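Novice: let's see this in three dimensions:
(4 chains)
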Number of protein chains: 2
Amino acid sequence: MEKDEAIKLNNQLCFSIYSLSREINKLYRPFLEELNLTYTQYLVMLVLWEKESCTMKELGDSLFLDSGTLSPVLKRLTERALTYRKRDPDDERRVLISLTEEGKQLKETAAEIPGRLIKKSGLTEEEFSRTLFDFTNLLQHIQQANTE
Amino acid sequence: MEKDEAIKLNNQLCFSIYSLSREINKLYRPFLEELNLTYTQYLVMLVLWEKESCTMKELGDSLFLDSGTLSPVLKRLTERALTYRKRDPDDERRVLISLTEEGKQLKETAAEIPGRLIKKSGLTEEEFSRTLFDFTNLLQHIQQANTE
DNA sequence: CCCAATTTAATTTTGTGCAATTTAATTGCG
DNA sequence: CGCAATTAAATTGCACAAAATTAAATTGGG
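Specialist: Here you go, the predicted structure:
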């Protein structure tokens, strides 16, 4: 690519991904409003619905987020009584995060979202799977580049 | 996909694109630090390097951002003397945003970034182009779904 | 065993994103 | 023409992200 072309907005990988990310966020928003969760809160809940309970650290490793982001998010989820926090007796530095009954129950409603979302996106099941696969591959590739 | 699989974190389109977006941001950060620009400020500058001058509205249309985001960004770019603002005499509602000499000059340094970035990402020129193409297509697809 | 280094979270600061509101300017219908 | 509806920006409030700092608990080498 010519240098003059390369510096144009619409030739930036960062811009296409950034726009796409916000557009997909927008696609989710009406569904998340039904759950009264933000995007980030939803991601945290996804981890907890799989693990039932985990430390702040494990949550951060799963979501690639640090305590600077997660502490306030968990504070809000706890205020909403979807989660609760407890220091790990075996290591008082660690905070164990668990689902309350209400938090567990929310999974039933949330389980409907992925299907409804694919339908709304207008993608076929195959397109969805391939896109997910491509994204995940590229993510690993870039994470590699970032840690070298 | 089974419903139980569908609700797992790593099967969410939102999570893969969200992680990818932040990872790409991370890939850019060292280069943007050289320019002393944030990611969003860089995107604004990309538009201005192409157009030389435009209104807040046009900037928002290009970047899919509204004045709530752009006003403070432009305030900072203007404080740094990379841009300046002027009301459009033909329509006093509009704000014309233009590059200062310093803003124009920064393009020379910035022009090196796309090439260095592709190299750092470890993608071939072909992979880069195909990825860009796929993302741009999907973006249009989702934007369609969001406006129906 | 002891203290320095490490680990885990929380907090602070800065800069977005986005929805909702406000203000000023312009447009267009009756 | 006159005023209601529309448009363009700025502002406000809330919730992230990421870097840097702080604080408390744990670990490990001498």
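Novice: distance from the chain centre to stretch A:124-133, please.
Specialist: Relative to the chain's own centre, stretch A:124-133 is displaced by 18 Å; criterion: C-alpha atoms, centre = their mean, to the nearest Å.
Novice: tell me the mean pLDDT over that stretch?
Specialist: What stretch A:124-133 shows for mean pLDDT is 93.
Novice: got a list of contacts for that stretch?
Specialist: Residues from elsewhere that reach stretch A:124-133 (C-beta atoms under 8 Å, 6 or more residues apart in numbering or on different chains): A:118, A:121, A:123, B:1, B:11, B:13, B:16, B:138. No exception for glycine: its C-beta is placed from N, CA and C like everyone else's.
Novice: for the residue nearest to the spatial centre of chain A, give me the pLDDT.
Specialist: The centre of chain A sits closest to residue A:43, judged by C-alpha atoms, centre = their mean, with a distance of 3.5 Å. As predicted, residue A:43 sits at a pLDDT of 98.
Novice: that one touches residue B:18, doesn't it?
Specialist: Yes - assessed by C-beta atoms under 8 Å, residue A:43 is found in contact with residue B:18 at 7.4 Å.
Novice: A strand includes residue A:94, no?
Specialist: Yes - under DSSP: H, G, I helix; E, B strand; the rest coil, residue A:94 falls within a strand.
Novice: for it, which non-adjacent residue is closest in space?
Specialist: residue A:88 (3.8 Å; C-beta to C-beta, 6 or more residues apart in numbering or on different chains).
Novice: re earlier: tell me the one of the contacts of stretch A:124-133 nearest residue A:25?
Specialist: For the contacts of stretch A:124-133, the minimum distance to residue A:25 (C-beta to C-beta) is 10.6 Å, reached by residue B:13.
Novice: hang on, the closest one packs against residue A:135?
Specialist: Yes - with contact defined as C-beta under 8 Å, residue B:13 reaches residue A:135; the gap is 7.4 Å.
Novice: where do the helices sit along chain A?
Specialist: A:3-6, A:13-35, A:39-51, A:56-63, A:67-79, A:101-110, A:113-121, A:125-146 (DSSP state H).
Novice: quick one, which of the ones you listed gets closest to residue B:36.
Specialist: That would be helix A:13-35 among the helices of chain A, by C-beta to C-beta, at 17.2 Å.
Novice: buried ones in that closest one?
Specialist: Across helix A:13-35, burial judged by 16 or more other C-beta atoms under 10 Å in any protein chain shown covers A:13-28, A:31-32.
Novice: report the angle between it and helix A:39-51.
Specialist: 70 degrees (axes from the mean of the first three to the mean of the last three C-alpha atoms, to 10 degrees).
Novice: is DNA strand D contacted by helix A:13-35?
Specialist: No - Helix A:13-35 does not reach DNA strand D (C-beta under 7 Å from any atom of the strand); its nearest approach is 8.0 Å.
Novice: got the CA coordinates for that helix in CSV?
Specialist: Written as CSV, here are the backbone C-alpha positions of helix A:13-35 (Å, rounded to 0.1, in the frame of the first residue of the first chain):
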residue,chain,number,x,y,z
LEU,A,13,-7.2,-1.9,11.3
CYS,A,14,-7.6,-0.1,14.6
PHE,A,15,-10.5,1.9,13.3
SER,A,16,-12.5,-1.0,11.8
ILE,A,17,-12.1,-3.0,14.9
TYR,A,18,-12.9,-0.1,17.2
SER,A,19,-16.0,0.8,15.2
LEU,A,20,-17.1,-2.8,15.0
SER,A,21,-16.6,-3.3,18.8
ARG,A,22,-18.9,-0.3,19.6
GLU,A,23,-21.4,-1.4,17.0
ILE,A,24,-21.6,-4.8,18.5
ASN,A,25,-22.0,-3.3,21.9
LYS,A,26,-24.9,-1.3,20.5
LEU,A,27,-26.4,-4.6,19.2
TYR,A,28,-26.3,-6.0,22.7
ARG,A,29,-27.5,-3.0,24.6
PRO,A,30,-31.3,-3.6,24.4
PHE,A,31,-30.9,-7.1,25.6
LEU,A,32,-28.6,-6.0,28.5
GLU,A,33,-31.1,-3.3,29.5
GLU,A,34,-33.6,-6.1,30.1
LEU,A,35,-31.2,-7.5,32.6
